[in-house]
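**Q** Mind folding the following:
(2 chains)
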Amino acid sequence: MSNSHLFLPSGFLRTPLQNGLGRYIPQLQRITLKFCKNHGGSRGVRDFIESDLMEFAKTNHGTVVYLKPRRHRSPCMVAEYLNGEREYLSCHEFSRDEVHKWLSYMCTRSGIPVMRFRKYQHTDYPTVQGVWNPFTHQAPEINVAEFPHGVLSKPIDHGQTATEQLIEIFKKTQIEDPVNKPSN
Amino acid sequence: MRNGRVGTSLSGAVNVISKRNFKAHWVAPTLRELQRRKVIEEDRNGGPKIFHRSTFLEWNYDAEIFAFSNRLGEKFNDSSLRAALTHKSYIERETARLSDIGVESNLQFHDNEALAKKGGEIMSKFINGYLRAVFTQVPEELIRAMHDFLTSNATLETVAKHIGLGDLMLCADFPCKTETYVKSFKAVVAALAESSGEERARIFVQDLVVTQLYGQDVNELWNPVDPVGNLTAILKREGKAEPEFRLIRQAGSNSILAVYYVGVYSDKNFISEGAGESLEVAKEMAAREALKKLFHTEDSMRALPFGRQLKNIQSRIAQLENQPNVPLSEWISQKVMSAVH
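**A** So this is what the prediction gives:
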């Protein structure tokens, strides 16, 4: 299962002009709705324009909406984004809800072309404490140590062996000296 | 002329949300041949033909201006904004055109020369205020380098293009030059200051221009020429012992991939360490790291505040707009310790 057979370009998550860091700027610059006043394929678009378009334009007042009635042409919408990209979508035989859905899809996109995200996060500062290198956490004593060394040659997290643990438990369970016993 | 030729083939590209369709067998070869001929023509003419957006039938300048101010979430005076977007070259061209026809031109256009100049000044002021409030421990030379990066033509042109100024500007050159974009943007800042007040203009510059600093390594923008000398001078001024450089680690000293770690000590106190492919390079890197530690610009420095995080320090920013930081020649820790952010 690899992605090499896909023609879809891939990339990392990004946003134009650090959008959202300071303020959020809706990236849809303008949208053009082309439709036929007569033909049945444009019925959904016509219904959308009659009922839902004004509300859409009011809520997205940073986007210019152009209506272009064109006889004997199938309906389409062309979205233009702030980074210069354009998206074309044919709306032939769409229902009113479908037009609304696709329009709100156009609104929420930036103009960056659809691509497969290689990772769903991105940072410009991948390390804060510094990248590990073989000298990280090494005791400075290794510079002047003669190996084999009594301490530095042993593993760091050796821990107690089972025998040593048993010896410790045995010592704890020894009967204590009656002089040292607390009086209670 | 509102058309031209551009060398790249990026303009005019339309991304199609594609659907299944059935086309006759001759459609694909015809389109392929047409594309081939189009490419030859465009190469001969120096690039595809581009048209200004205003040449389209669906264009309403008033609606575009309305959407522009709403997109940014700002309120502009209509006359200020239109003046900010009008260039001298456009006015000259229009008056020449009308006088050619024979019509007397009593056009009421104002150009954006004065606005651009004022906008440049206040933008510099706001940027300096932010940098000095956030980078409190940093010498003035680095502040200036960061300010020059943020107000460079490249940065401002990118910002101007991405807020949609390209289609709104009234200018004689098409495709528009960098200077035109930069001038328009500065004029828009000034128009905003005129319309909504300096506070809103400050927030606007912080949200759009200063955020371009995100992702930049500030130490790439400026580095003192002689870090060892500067470190010695600073420690001397503070009354501390002079820096002592000691080799801490080394590996592969006989090979191409040699690495030396040099540590800086002052009076046997560790300050910083640096790595390099030779002893001299490692020494310089250690001195640079020491300066970074003093100026609080290491890789692990605090994240830069943007947007809502600036609410509490806006007054501090306004205060520091006219107070330069300590220059490198006089820098000592005690001087900057009082202003901790």
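**Q** Now name the helix or strand holding the residue lying closest to B:Q212 once chain neighbours are set aside.
**A** Excluding the flanking residues, the one nearest B:Q212 by C-beta to C-beta, 6 or more residues apart in numbering or on different chains is B:T155, at 5.2 Å. To be clear about C-beta, it is placed using only N, CA and C from the backbone, and glycine gets the same treatment. Assessed by DSSP states H and E, B:T155 sits inside helix B:153-162.
**Q** quick one: average pLDDT of the following helix or strand past that helix?
**A** Where DSSP H and E defines the elements, the next helix or strand beyond helix B:153-162 is helix B:165-168. With pLDDT averaged residue by residue, helix B:165-168 scores 95.
**Q** now do stretch A:60-80
**A** For stretch A:60-80, mean pLDDT is 96.
**Q** And stretch A:3-14, by the same measure?
**A** 88.
**Q** How about the residues of chain A by chain B?
**A** Residues of chain A lying close to chain B (C-beta under 8 Å from any C-beta of the partner chain) are A:16-18, A:21-23, A:25-26, A:29-30, A:32, A:61-64, A:66, A:68, A:78, A:82-90, A:113-114, A:124-125, A:127-130, A:134-135, A:138, A:140, A:143.
**Q** quick one: contacts for the residue in the stretch 51-200 of chain B that chain A sits nearest to?
**A** The stretch 51-200 of chain B approaches chain A most closely through B:R71 (3.2 Å), counting by C-beta to the nearest C-beta. Shown in contact with B:R71 (C-beta atoms under 8 Å, 6 or more residues apart in numbering or on different chains): A:I25, A:P26, A:Q29, A:G62, A:T63, B:I163, B:G164.
**Q** And the nearest residue to the second one once chain neighbours are set aside, how close does it get to B:N219?
**A** To tie it back to what came earlier, the one meant is A:P26. Leaving out its chain neighbours, the residue that sits closest to A:P26 by C-beta to C-beta, 6+ apart is A:G62, at 4.8 Å. A:G62 sits 37 Å away from B:N219, going by C-beta to C-beta, to the nearest Å.
**Q** List the contacts of the residue nearest the centre of chain B.
**A** For chain B, the residue nearest the mean C-alpha position is B:T155 (3.0 Å; C-alpha atoms, centre = their mean). Residues in contact with B:T155 (C-beta under 8 Å, 6+ apart) are B:F149, B:V209, B:Q212.
**Q** near chain A, which residues of the stretch 151-300 of chain B show up?
**A** Counting by C-beta under 8 Å from any C-beta, the stretch 151-300 of chain B comes close to chain A at B:158-159, B:161-164, B:166-167, B:206-208, B:210-212, B:214-215, B:248-249, B:251, B:261, B:299-300.
**Q** ok, now with 10 Å
**A** Contact residues (C-beta under 10 Å from any C-beta of the partner chain) of the stretch 151-300 of chain B with chain A: B:158-159, B:161-167, B:203-217, B:247-251, B:259, B:261, B:263, B:270, B:273, B:275, B:298-300.
**Q** same for the longest strand anywhere in chain A, what does it pack against?
**A** When chain A is parsed with DSSP state E, its longest strand is strand A:28-35. Secondary-structure packing of strand A:28-35 (3 or more C-beta pairs under 10 Å, 6 or more residues apart in numbering or on different chains; DSSP states H and E): helix A:43-51, helix A:53-59, strand A:64-69, strand A:76-81, strand A:86-90, helix A:96-108, helix B:61-72, helix B:165-168.
**Q** winner for burial among the ones you listed?
**A** Of the helices and strands packed on strand A:28-35, the one with the most neighbours on average (mean count of other C-beta atoms under 10 Å in any protein chain shown) is strand A:76-81, at a mean of 22.
**Q** ok, back up a step: let's see if you can find the most crowded of the contacts of B:R71.
**A** Within the contacts of B:R71, most neighbours by other C-beta atoms under 10 Å in any protein chain shown means A:Q29, with 26 neighbours.
**Q** That one: what's it in contact with?
**A** Contacts for A:Q29 were tallied using C-beta atoms under 10 Å, 6 or more residues apart in numbering or on different chains; they are A:62-64, A:79-86, A:111, B:53, B:64, B:67-68, B:71, B:163-164, B:166-167.
**Q** can you list the weak-confidence ranges in the chain?
**A** By default, I'm working from chain A. For chain A, applying pLDDT under 70 flags the ranges A:176-184.
**Q** nope, chain B please
**A** By pLDDT under 70, the low-scoring segments of chain B are B:1-2, B:7-12, B:338-341.
**Q** What are the structural domain limits within it?
**A** Under the assignment the TED database, the domains of chain B span B:55-214, B:222-302.
**Q** Rebuild those as CSV, extending it with distance to A:H100.
**A** Below are these laid out as CSV (distance: least, C-beta to C-beta, whole Å):
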stretch, distance to A:H100
domain B:55-214, 20
domain B:222-302, 44
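**Q** ok, the closest residue to B:L57 other than its chain neighbours - contacts?
**A** Nearest non-adjacent residue to B:L57, counting by C-beta to C-beta, 6+ apart: A:K68, 7.3 Å away. The neighbours of A:K68, taking C-beta under 10 Å, 6+ apart as the test, are A:T32, A:L33, A:K34, A:F35, A:P75, A:C76, A:V78, B:F56, B:L57, B:E58.
**Q** Could you identify the most distant pair in those residues?
**A** A:P75 and B:F56 (18.2 Å; C-beta to C-beta).
**Q** What strands line up against the longest strand of chain A, and which way round?
**A** Using DSSP bridges, the strands paired with strand A:28-35 in its sheet are strand A:64-69 (parallel), strand A:76-81 (antiparallel).
**Q** now the first one: how far from the chain's centre is it?
**A** Centroid displacement of strand A:64-69 relative to its chain, using C-alpha atoms, centre = their mean, to the nearest Å, is 33 Å.
**Q** okay, the angle between it and helix A:96-108?
**A** For strand A:64-69 against helix A:96-108, the angle by axes from the mean of the first three to the mean of the last three C-alpha atoms, to 10 degrees is 140 degrees.
**Q** what's whichever strand or helix holds B:K118 packed up against?
**A** Element membership for B:K118 (DSSP H and E) is helix B:113-134. Contacts defined by 3+ C-beta pairs under 10 Å, 6+ apart place helix B:113-134 against helix B:78-85, helix B:140-150, helix B:178-196, helix B:198-208, helix B:314-320.
**Q** Just name the most buried of those.
**A** Comparing the helices and strands packed on helix B:113-134 by mean count of other C-beta under 10 Å gives helix B:178-196 as most buried, with a mean of 23.
**Q** Convert it to CSV, retaining C-alpha atoms only.
**A** The C-alpha trace of helix B:178-196 is given here as CSV (Å, rounded to 0.1, in the frame of the first residue of the first chain):
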residue,chain,number,x,y,z
THR,B,178,6.8,45.2,-6.5
GLU,B,179,7.0,48.9,-5.6
THR,B,180,3.4,49.4,-6.6
TYR,B,181,2.2,46.6,-4.2
VAL,B,182,4.4,47.9,-1.4
LYS,B,183,3.1,51.5,-1.9
SER,B,184,-0.5,50.4,-1.9
PHE,B,185,-0.1,48.4,1.2
LYS,B,186,1.6,51.2,3.1
ALA,B,187,-1.1,53.6,1.9
VAL,B,188,-3.8,51.2,3.1
VAL,B,189,-2.2,51.2,6.5
ALA,B,190,-2.3,54.9,6.6
ALA,B,191,-5.9,55.0,5.4
LEU,B,192,-6.9,52.6,8.2
ALA,B,193,-5.2,54.8,10.7
GLU,B,194,-7.1,57.8,9.3
SER,B,195,-10.4,55.9,9.3
SER,B,196,-10.4,53.8,12.4
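**Q** How far off centre is that helix?
**A** 15 Å.
**Q** How about stretch A:94-107?
**A** Here the centre of stretch A:94-107 is set off from its chain's centre by 24 Å, with C-alpha atoms, centre = their mean.
**Q** same question, stretch B:205-216
**A** Put simply, stretch B:205-216 sits 7 Å off its chain's centre (C-alpha atoms, centre = their mean).
**Q** ditto for stretch B:50-57
**A** In terms of C-alpha atoms, centre = their mean, the centre of stretch B:50-57 is found 28 Å from the chain centre.
**Q** can you tell me the distance between the two ends of it?
**A** From its first residue to its last, stretch B:50-57 covers 15 Å (C-alpha to C-alpha, to the nearest Å).
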